[in-house]
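Q: I would like the atomic coordinates for the input below:
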Amino acid sequence: MEAEFDIPSHFLCPISLEVMRDPVVVSTGITYDRESIQKWLSSGKNKACPVTKQPLLLDADLTPNHTLRRIIQAWCTLNASHGVERIPTPTSQLDKTQIVKLINQARKLPHTQLECLKRLRSMAAIHGEKHRNSLEAAGAVEYVASLISNTDQSTMEVAVEVLFYLRSSESRLKQLMSKDGEKIIDSLVQVLKRGDYQSRAHATILLRSVFELADPNRMMSPTVELFIETMNVVRDQVSHQASKAALKLLVELCPWGRNRIKAVEGGAVSVLIEALLEAQEKRAGELILISLDQLCGCAEGRAELLRHAAGMVIVSKKIFRVSHMATDRAVRILFSISRFSATSAVVMEMLHVGAVAKLCLVLQVDCKFKTKEKAREILKLHSRVWKNSSCVPAHLLSFYPSASS
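A: Below is the predicted model of the structure:
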């Protein structure tokens, strides 16, 4: 809007300080723009009226201020010559009581559950963000979550889809996790196991959201089955978004408890190596190498990488091929192998697949100091075998560190 005229102060939302498009009144009697007050409340950090500081509930009723909206619209029309655009009349909001009625009916009549879920899916998919507060306040999130473990395949898949489209607020997800966290995680794992590609993609993304808010005990307690099914999402290339969510989940879970060993038992190393062989996108390559670096922190992970025919080859190949971060992780993997799993066969394999030549190259190009130090230490560890080898180009051998350097 142009700044050539005064905008009446009561047209401005106290939060955004912009002209209100959909003014609503909260229980304290203050009027806000709907979008601003919903974001304020759903953040989970703000539980009081911004103006009066009196408490407000997350599912507090927001009463449309139709009179003020019409006055604002009339003012916009009068000032159209100044470049003011008329504010359209907001679409009607979902009626919380109608949603409650729909859910209660489905609870009483189980044969109507699927139809209820489909109606909730329509509400969430078309106006998910706009109607999220109404759906949450009506208990839709808790109801839908209770149906994920349903034995009926169609009901289970639609329930996951609804939860995905609802994109519940952080505070609501935390409440749900504290109450039924283990059940929800187990149910989502079953969806990964039994669902179609779309359901598996949605379940993977939901799992990552759930674990982002999990407490330490929950982070240390995922089952081997969770790792198996999460890695199957990557192996089957369910979707680009789902694969990335699965990789990020693996990165976040690996540092906790015995999760590295569980991931190895779940076949993560083999899946990651195969994915790295095909990876084209930079971030995917980085996430895979971060995960392999974490898994090579345990003996089981290193053994699996060495067991795979392409393990050492692809890790070495990715040095300088993806990013500085990927190079650092690849060198870290080689460091773990050369220091803790370096049999004579492994040492010779590193030489023949080009790993030693790449490490010599690391010393002469622009890399992080720690990356260079790790490369130098690896080369010094096995200098008796590698230093005068014909497998390393002469111009690279000139950079080979001496035992005293």
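Q: for this protein, which spans come out with low pLDDT?
A: Applying pLDDT under 70 to the chain flags the ranges 1-5, 44-45, 57-60, 91-93, 126-130, 397-399, 402-405.
Q: which residue ranges of it form strands?
A: With DSSP state E, the ranges of strands along the chain come out as 23-25, 31-33, 63-64.
Q: do you know which of these lies nearest residue 355?
A: Between residue 355 and the strands of the chain, the tightest spacing by C-beta to C-beta is seen for strand 31-33, at 59.3 Å. C-beta here means a position set from N, CA and C on the backbone, and glycine is covered the same way.
Q: so what does the closest one touch, helix or strand wise?
A: strand 23-25 (3 or more C-beta pairs under 8 Å, 6 or more residues apart in numbering; DSSP states H and E).
Q: same for the strand it packs on, what does it pack against?
A: Contact here means 3+ C-beta pairs under 8 Å, 6+ apart; on that basis strand 23-25 packs against strand 31-33, helix 34-42, strand 63-64, helix 66-78.
Q: for these, give me CSV that also has distance to residue 171 and mean neighbour count.
A: Output for these, formatted as CSV (distance: least, C-beta to C-beta, whole Å; neighbours: other C-beta atoms under 10 Å):
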stretch, distance to residue 171, mean neighbour count
strand 31-33, 19, 22
helix 34-42, 7, 21
strand 63-64, 22, 14
helix 66-78, 29, 14
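Q: any chance of those in JSON lines, plus distance to residue 145?
A: Below are the helices and strands packed on strand 23-25 laid out as JSON lines (distance: least, C-beta to C-beta, whole Å):
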{"stretch": "strand 31-33", "distance to residue 145": "30"}
{"stretch": "helix 34-42", "distance to residue 145": "18"}
{"stretch": "strand 63-64", "distance to residue 145": "29"}
{"stretch": "helix 66-78", "distance to residue 145": "35"}
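Q: for residue 177, find the nearest of those.
A: Within the helices and strands packed on strand 23-25, the stretch nearest residue 177 is helix 34-42; the backing value is 16.6 Å (C-beta to C-beta).
Q: list the helices and strands that closest one packs on?
A: strand 23-25, helix 113-137.
Q: contacts for it next, please.
A: Outside helix 34-42, the residues that touch it by C-beta atoms under 8 Å, 6 or more residues apart in numbering are 13, 15-16, 21-24, 26, 32, 46-47, 50, 56, 58, 60, 62, 90, 132-133, 169, 171.
Q: and residue 20, how close does it get to residue 51?
A: Note on residue 20: its distance to residue 51, by C-beta to C-beta, to the nearest Å, is 14 Å.
Q: between these two, which is the more surrounded one?
A: Taking neighbours as other C-beta atoms under 10 Å, residue 20 and residue 51 compare with residue 20 leading, 24 against 14.
Q: got phi/psi on that one?
A: phi -70, psi 130 (degrees, to the nearest 10).
Q: what sits against the closest residue to it other than its chain neighbours?
A: Spatial nearest neighbour of residue 20, excluding adjacent residues (C-beta to C-beta, 6 or more residues apart in numbering): residue 33 at 4.1 Å. Counting by C-beta under 8 Å, 6+ apart, residue 33 touches 13, 15-16, 18, 20-24.
Q: residue 288 touches residue 247, doesn't it?
A: Yes: assessed by C-beta atoms under 8 Å, residue 288 is found in contact with residue 247 at 6.5 Å.
Q: of these two, who's got more company?
A: residue 288 (29 against 25).
Q: quick check: closest non-adjacent residue to that one.
A: residue 276 (4.7 Å).
Q: can you give me the distance of that neighbour to residue 34?
A: In terms of C-beta to C-beta, residue 276 sits 47 Å off from residue 34.
Q: for residue 237, same thing?
A: Counting by C-beta to C-beta - residue 237 and residue 34 are separated by 40 Å.
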